[in-house]
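**Q** could you work out the structure for the sequence below:
(one chain, ligands or ions: 1)
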Amino acid sequence: MHFSGKNVLITGASRGIGAEIARVLAGYGLKVWINYRSSAEQADALKAEIEAAGGQAAVIGFDVADEQAFIDAIKTIVESDGELSYLVNNAGITKDKLAMRMSVADFEEVIRANLVSAFVGCREALKVMSKKRFGSVVNIASIVGETGNAGQVNYSASKGGMIAMTKSFAQEGAPRGIRFNTVTPGFIATDMTSGLKDQIKEAYIAKIPLGRFGEPKEVAETVAFLLSDGAGYITGETIKVNGGMYM
Ligand code: NAP
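**A** Below is the predicted model:
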C-alpha cells in the first residue's frame, strides 16, 4: 500500500483495535501518534514495540471528550511534524442498559465520548489538512450504528450519527482534497467484547456467516486501505468488516 502522507493520529490506540491500527500503519511506514486516556503504560509499551520493529511512534495522552485537549493535541502534532496527514477516530466507549432504565446522563456520556469527539477530530483535521489540500480521515463506527441493538440506544445513536456525519464531512472535504470514510466493525475480539457471557457470544456467532468474531488486524487493514492512495477515489463510504453479519 502506498501513502503520500507521513503521519497519523489514532485515538484510543493503547488497546484493542486502535493499537492494531497503529501497528499496521507503522508497518506501512507512517509515523503513528498513539493516543490514550488512562492506559499510559500500554501506550508506552506499544511505542517501544513499534520502534523495536523499525517504525516511528509517539505517545499523546488526552481525553477525546475534552474539546480543548483534542485541539491542543492536533496543534502539538502539527508543530512537531509540520502537518497531520491522517486521522483515525477510533476511541469509543459503551454504557449499556435497557432504554427504560437509561438516564439522559448515560445517553449523553456515550454521545460525547463517541460522536462529539469524532466531530471535533474531523473539524480540526479539516482545518489543518486544508492548508496542504491533502488528508484522509477514517471514523470507526459499528455494525450497531447500522442495525441498532437492544441495550445500546446510546451507543447505536452515537455510531449511526458518525456514519451520517462522515458523509457530510466528505462533502465539505472533497473540494479541498480531503477524504472522510467510515469503517463499521461487527464483533471483534477485544476488551470491549471479552466481557460478554459465553452464551451471548455463541448466540452472536450463530448469526455471523463467517462463524467467528473478527480480529483487530482485519479492521486495521481495512482502515489502512481507506487511508492509502489506493483509495484515492473513495470518500463518504462506509465499509463493513463484520463477517457477513449484516450485508
Ligand atoms: P477497547 O478495547 O475497549 O479500547 C478502547 C480504546 O479507546 C482504549 O485505547 C481506550 O483508552 C480508548 N478510549 C476510550 N475512551 C477514550 C477517551 N475518552 N479518550 C481517549 N481514549 C479513549 O475498544 P475496541 O474494541 O478496541 O474498540 C475500538 C473502537 O471500535 C470503538 O470506537 C468501538 O466502539 C469500535 N467497535 C468495536 C467493536 C468490537 O467488537 N470490539 C465493534 C464495533 C465497533 P484507555 O484504555 O487509555 O482509556
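**Q** quick one, longest strand in the chain?
**A** strand 178-185 (DSSP state E).
**Q** and Met165, what's its pLDDT?
**A** Looking at Met165, its pLDDT is 99.
**Q** for Gly195, same thing?
**A** So, for Gly195, pLDDT stands at 89.
**Q** got it, and Thr184?
**A** Value listed for Thr184 in the pLDDT field: 98.
**Q** I'd guessed it sits against Thr147; true?
**A** No: between Thr184 and Thr147 there is no contact under Cβ atoms under 8 Å: 9.5 Å. In this view, the C-beta of every residue, glycine as well, is placed from N, C-alpha and C.
**Q** just the strands in the protein please.
**A** Here the chain has its strands, by DSSP E, at 7-10, 31-36, 56-61, 86-89, 135-140, 178-185, 238-241.
**Q** does the ligand sit close to the fifth one?
**A** Yes: between strand 135-140 and the ligand, judged by Cβ under 6 Å from any ligand atom, the touching residues are Ile140.
**Q** give me the distance from that strand to the chain's centre.
**A** 8 Å (Cα atoms, centre = their mean, to the nearest Å).
**Q** Thr184 and Thr147: which has the busier surroundings?
**A** Thr184 (25 against 14; other Cβ atoms under 10 Å).
**Q** how close does that one sit to Asp106?
**A** For Thr184, the distance to Asp106 equals 23 Å [Cβ to Cβ, to the nearest Å].
**Q** so which elements touch the longest strand of the chain?
**A** In terms of contacts (3 or more Cβ pairs under 8 Å, 6 or more residues apart in numbering; DSSP states H and E), strand 178-185 is packed against helix 117-132, strand 135-140, helix 153-173, helix 216-227, strand 238-241.
**Q** can I get those in TSV with mean neighbour count and distance to Arg23?
**A** Shown next, in TSV, are the helices and strands packed on strand 178-185 (neighbours: other Cβ atoms under 10 Å; distance: least, Cβ to Cβ, whole Å):
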stretch	mean neighbour count	distance to Arg23
helix 117-132	20	21
strand 135-140	27	15
helix 153-173	20	23
helix 216-227	21	7
strand 238-241	18	17
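**Q** nearest to Arg101, of the ones you listed?
**A** For those, proximity to Arg101 was assessed by Cβ to Cβ; helix 153-173 is nearest, at 10.7 Å.
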